[in-house]
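> missing the sequence, but the structure's below:
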């Protein structure tokens with residue numbers, strides 16, 4: 001499975017989440033899987049940025065949902081997902097070595 005296919009699967013799984021906690025748990029699993037694959041920081045940044053963009057598209061497309069409860073759930077799941085993604089993106093940036101320095105395990 002490519003990262004793009006994986007990202008699409010993650011979006012589909014987030015769409016199915018019924019609670020923000022489910023979304024956060026799913027994204028934690030994703031972060032663990034990506035870390036275990038030893039992907040480069042650049043690849044990780046690209047993945048998280050793309051996933052964040054996918055969620056923005058999903059949020060804009062949710063306007064057609066007439067069921068207010070379903071819309072509220074989706075909005076909460078997207079907000080929780082965006083917050084978790086922002087944390088993972090910050091970790092990738094903070095893990096980068098200082099200019100001229102080397103990356104040390106932390």
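In hand now; what should we look at? These numbers were taken from a predicted model, which means no experiment stands behind them.

> show me the contacts for the residue nearest the centre of the chain.
Nearest to the mean C-alpha position of the chain, by CA atoms, centre = their mean, lies residue 85 at 4.2 Å. Contact analysis of residue 85 by CB atoms under 8 Å, 6 or more residues apart in numbering lists 27, 48, 51, 52, 55. C-beta here means a position set from N, CA and C on the backbone, and glycine is covered the same way.

> Find me whatever residue is spatially closest to the first one, sequence neighbours aside.
The reference is to residue 27. residue 84 (4.3 Å; CB to CB, 6 or more residues apart in numbering).

> pLDDT value on the one you found, please?
pLDDT for residue 84: 95.

> Determine the longest helix present in this structure.
Secondary structure of the chain read by DSSP state H shows that its longest helix is helix 68-95.

> Quick one: buried ones out of the contacts of residue 85?
Neighbour counting with 16 or more other CB atoms under 10 Å marks 27, 48, 51, 55 as buried within the contacts of residue 85.

> any chance of the contacts of residue 85 in TSV, plus secondary structure and distance to residue 10?
Shown next, in TSV, are the contacts of residue 85 (DSSP: H, G, I helix; E, B strand; the rest coil; distance: CB to CB, whole Å):
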residue	secondary structure	distance to residue 10
27	helix	8
48	helix	11
51	helix	6
52	helix	11
55	helix	10
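
> out of those residues, which one sits closest to residue 90?
The shortest approach to residue 90 among the contacts of residue 85 belongs to residue 48, at 9.8 Å (CB to CB).

> and that closest one, what does it touch?
Here residue 48 is in contact with 85, 88, 89, 92 (CB under 8 Å, 6+ apart).

> count of neighbours near the last one?
By that I understand residue 92. 20 (other CB atoms under 10 Å).

> That one is in contact with residue 47, isn't it?
No: using CB atoms under 8 Å, residue 92 is not in contact with residue 47; the gap is 9.3 Å.

> Common neighbours of these two, please.
By CB under 8 Å, 6+ apart, no residue touches both residue 92 and residue 47.

> closest to residue 80 among the contacts of residue 85?
Looking across these and measuring by CB to CB, the closest to residue 80 is residue 27, at 8.5 Å.
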